[in-house]
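Trainee: Any chance you can model this:
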Amino acid sequence: MTVALMWEARALPGRGEDLLAWARAQELPREPLRRETLRAPQDRVLVITWWDAPYDAELPELPEPDGELVTRAVHRWRFESVGAG
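Mentor: This next block holds a predicted model:
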């Protein structure tokens, strides 16, 4: 089964590039199948990691950034793949 973990944070105004750099620099204790980092308006950063694991498996996640970098707590979601098509 493939599980995707989504991590999304919103930077303080004007700190989007700092948050993006911070997210890219975060290392996980093990490598996912795939990792993608995206950005959006309002200084949002999204990191998606894919894992070959059961839905309820213990998986490494990015931590919370420093409170001086973000406007609110990180949002996290977990999804399971249902196949392409």
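Trainee: Give the buried residues for stretch 23-35.
Mentor: 23, 32 (16 or more other Cβ atoms under 10 Å). In this view, the C-beta of every residue, glycine as well, is placed from N, C-alpha and C.
Trainee: actually stretch 50-68, not the one I wrote
Mentor: The neighbour-count check on stretch 50-68 (16+ other Cβ under 10 Å) flags 50-51, 53, 59, 61-62, 65 as buried.
Trainee: can you give me the mean pLDDT across it?
Mentor: When pLDDT is averaged along stretch 50-68, the result is 94.
Trainee: distance between the ends of that stretch?
Mentor: Criterion Cα to Cα, to the nearest Å; first-to-last residue distance in stretch 50-68 is 29 Å.
Trainee: Residues touching it, excluding its own?
Mentor: For stretch 50-68, contacts defined as Cβ atoms under 8 Å, 6 or more residues apart in numbering pick out 1-5, 7, 9, 12, 19, 22-23, 26, 28-30, 32-35, 47, 49, 70, 73-74, 76, 78, 80-81.
Trainee: Before I go, just wanted to say thanks for your time.
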